[in-house]
Every structure is written in structure tokens, then in C-alpha cells.
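Novice: what's the 3D shape of this:
(one chain, ligands or ions: 1)
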Amino acid sequence: MPQSFIKLHTTLLSILLFMLFLALLVVFQLGTLKPAVDIDWVDSVAEGGIAFMTLIWLLTTLIMRPKGTVTNLLFFGLSAMHITLLLDFLDEFFTFSKHHSWLSSLEAFPAVVGMILMSLAMYYWGQEQRVLNHLLTKKERFYRTHGLHDFITGLYRADYMKRQIEQELIKLANTSNCFCIALFDIKGFALFNQRYGSIRANNLLFDIGQIITLNLRNTDLACRFASDRFIVLLPNTSHLEATYITKQVANMVAQHTPYDQNQAKTGFSQVHWHCVEAADTDTLSNLLTELNQGLEQQKRATTV
Ligand SMILES: Nc1nc2c(ncn2[C@@H]2O[C@H](COP(=O)(O)OP(=O)(O)OP(=O)(O)O)[C@@H](O)[C@H]2O)c(=O)[nH]1
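Specialist: Next up is the predicted model:
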């Protein structure tokens, strides 16, 4: 779930306020306010808008990122750029005497320092992203799109999976590369919801999503399908191999022990599952129908 890190950055926020105060103090002390007729209002609005946007980027960085080197570099880089743009904006309203003309000349200097810091931040950010990309391997394939994310499980939603299955069906028609899809459904999830509440139930959805992805191969993809169901794509996989992997995932989910905030065990964590192999005559819709029907049959068979 999205979380704000702003409370961790009180020191950086204080530094920002101090830098802004200092910049304003210098301009107000050394500059003289221009008469209104000398002010270019169009230019002022444009420059003010740019300065304001860098401030928004700065605050967004502090909201979205935890403490660390990349955050510090982004913060100081963006702050330096913001100071330059702020001075540029104030320049529209103040004139400086010959003695203090250095202020206008040095105005661009913080932006240069800011850009160097931002470039360093990009370098370290790239290294950080490599680690994150590795963690995302089984949650996305070749294509990142934030609109299709499920924030409870951290996985992509069914629509993302449908696009991937459609691509695999095209590949199957052209190359005869077999692939399978598997569906998991949490047993008694409505009861879990009732007994332990929706926050615990959401945590269980998150946990099970993680366990499923942990027990897949790097080439597989797991998504949340709907409600308490998860769907997995297993490319280049025979039905026999896919059944083995799916069974193994279900066994690992059954080993999971969910706890509540008092560290008490909160119940069960088991799944029904079903797995099908795609045929080259299949369409997305009949493949999903076959998968759903198979799962329903399996549920009926185990509850009789
Ligand atoms: N906490 C939480 N509950 C959800 C979410 N989406 C769906 N649900 C609930 O999940 C429950 C699913 O109920 P069922 O489909 O009957 O599933 P079940 O109780 O596991 O039944 P069986 O699959 O037959 O074992 C319903 O109570 C939904 O309200 C969600 O995102 N968060």
C-alpha cells in the first residue's frame, strides 16, 4: 500500500526552510522593489510557475522516498535548482545596485551544482533500480504500467495477465511453444474476513501473493485475478511440469502462518488450485472459462 515517508525528513525540511529564508533575506536586504510598470507580468508568471513546480518535485521526492544517499542527492540537487529558479523569479520584482550585481551573476550557479548532484543521484538510483527490477521479475514481464497495479497485493491485476496470455497464444500459434496457466483460490477467505477483519484479510492476500511469486521460476508471472484468486502464467511449460510447480506453490502457502498484531495465530492459509495447458485452438476467453470451471469442479470435489 502507498505510504508517505515525509515524517522521516524533518531535518531536510528544516534545511529547505532555512535555505529559502536565506535566499529571501538576501534579496529583500540587497534589492530594491521595482515599480509595478517595470514588471513583466507574463515572464513573472512563467518563472514563478517553474520555481513552484520544482518545489512540488522536491516535496514529492520527500513523500515518496525513504532516507538514504539517493534521497539526499535528489533533495540537494532539486533544492539548488529551486533556489536558482526562485532568484530568477524574484529578479522580476527587484533591482540590485551596482555593488550587489554579483547576485544576478551568481544566480545560475546553484542550478549547475544542482544538476551535478542530480546526475550523481541518477547513477545511484540506477543501481537501486537494478535491485528492485530483480524483485519485480515474477510480477511483471517486459512492460511496466502503473494503471494495472493492485495495491493490496503489490501484483498486477487480471487485465495485465490477459494481455500476456493473448501474446502467449499468438506465440503458440506461430511457434508451438506450449504454455500453462494456473488459478489459486484461498480457502474460506470470506470466513477469514469475518473473523479477523479486512485489514488482516488484506495482509493475508499480500502474504499469499508473495508466497506464490517466491515459489515460481523467473520466467513465470503471477497476478491477482479477482477477489481471493491469483493467476499464474507458466510459459514454455508442459502440463506435467506446471502441475508440479502449482502443487509446490499450494504446499508452500499451506505452510504459512498468519499472525495478528498481538502475535496470535490468526487461522488458516490454504488454497484450491487448478492448472490448464493452452491449445493452439484456444482463445483467451475459453482458456479462462476452462480454468474457472476446472477450479470450481476441484472445489466441489474437495468440499463433498
Ligand atoms: N479483505 C478483503 N476482502 C476481499 C477483497 N476482495 C474480495 N474480498 C472478500 O473475499 C471474500 C471471497 O468470498 P468467497 O468467494 O466466498 O471465497 P471463500 O470464502 O474463500 O470461499 P471458497 O473459495 O469457496 O473457499 C468475500 O467475502 C469478499 O468480500 C479484498 O480486496 N480485501
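Novice: average model confidence for stretch 67-76?
Specialist: Here stretch 67-76 scores 95 as its mean pLDDT.
Novice: now that stretch: how far from the chain's centre is it?
Specialist: Between the centre of stretch 67-76 and the centre of its chain there are 19 Å (C-alpha atoms, centre = their mean, to the nearest Å).
Novice: list the buried ones in that stretch?
Specialist: 70-76 (16 or more other C-beta atoms under 10 Å). All C-beta spots, glycine's among them, are computed from the backbone N, C-alpha and C.
Novice: do stretch 130-147 as well
Specialist: For stretch 130-147, by 16+ other C-beta under 10 Å, it's 136, 138-141.
Novice: and those, which is closest to the ligand?
Specialist: The ligand lies nearest to Lys139 out of the buried residues of stretch 130-147, by C-beta to the nearest ligand atom, at 17.3 Å.
Novice: is that closest one in a helix, a strand, or coil?
Specialist: Per DSSP: H, G, I helix; E, B strand; the rest coil, the local secondary structure of Lys139 is coil.
Novice: list the strands paired with the helix or strand containing Ile181, with their directions.
Specialist: Under the criterion of DSSP states H and E, Ile181 resides in strand 179-186. Take DSSP bridges as the rule and strand 179-186 pairs in its sheet with strand 229-235 (antiparallel), strand 271-277 (antiparallel).
Novice: check which element follows the last one along the chain.
Specialist: The one in question is strand 271-277. That would be, after strand 271-277 and using DSSP H and E, helix 284-303.
Novice: helices or strands up against that following helix?
Specialist: helix 158-175, strand 179-186, strand 271-277 (3 or more C-beta pairs under 8 Å, 6 or more residues apart in numbering; DSSP states H and E).
Novice: now these in a markdown table, with mean neighbour count?
Specialist: Shown next, in a markdown table, are the helices and strands packed on helix 284-303 (neighbours: other C-beta atoms under 10 Å):
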| stretch | mean neighbour count |
| --- | --- |
| helix 158-175 | 17 |
| strand 179-186 | 24 |
| strand 271-277 | 21 |
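Novice: and the residue of the stretch 201-304 of the chain found nearest the ligand, what's its pLDDT?
Specialist: Scanning the stretch 201-304 of the chain for the residue nearest the ligand gives Ala201, at 3.4 Å (criterion: C-beta to the nearest ligand atom). Per-residue confidence (pLDDT) for Ala201: 90.
Novice: not counting its neighbours along the chain, what's nearest it?
Specialist: Among residues not flanking Ala201 along the chain, Asn193 sits closest, at 4.4 Å (C-beta to C-beta, 6 or more residues apart in numbering).
Novice: can you tell me how far that neighbour sits from Thr145?
Specialist: 29 Å (C-beta to C-beta, to the nearest Å).
Novice: got it, and Leu172?
Specialist: From Leu172 to Thr145 the distance is 23 Å (C-beta to C-beta).
Novice: next: Thr281.
Specialist: 30 Å.
Novice: how about Ser227?
Specialist: As judged by C-beta to C-beta, Ser227 and Thr145 stand 22 Å apart.
Novice: ok, now Ile15?
Specialist: 36 Å.
Novice: helices of the chain, start to end?
Specialist: Counting by DSSP state H, one finds helices in the chain at the ranges 10-30, 41-64, 69-90, 102-106, 109-135, 158-175, 189-214, 239-254, 284-303.
Novice: need the winner for burial among those helices.
Specialist: Burial of the helices of the chain is given as mean neighbour count (mean count of other C-beta atoms under 10 Å); helix 69-90 ranks first at a mean of 21.
Novice: quick check: residues of the stretch 101-250 of the chain near the ligand?
Specialist: 152, 185-191, 193, 198, 201-202, 205, 227-228 (C-beta under 6 Å from any ligand atom).
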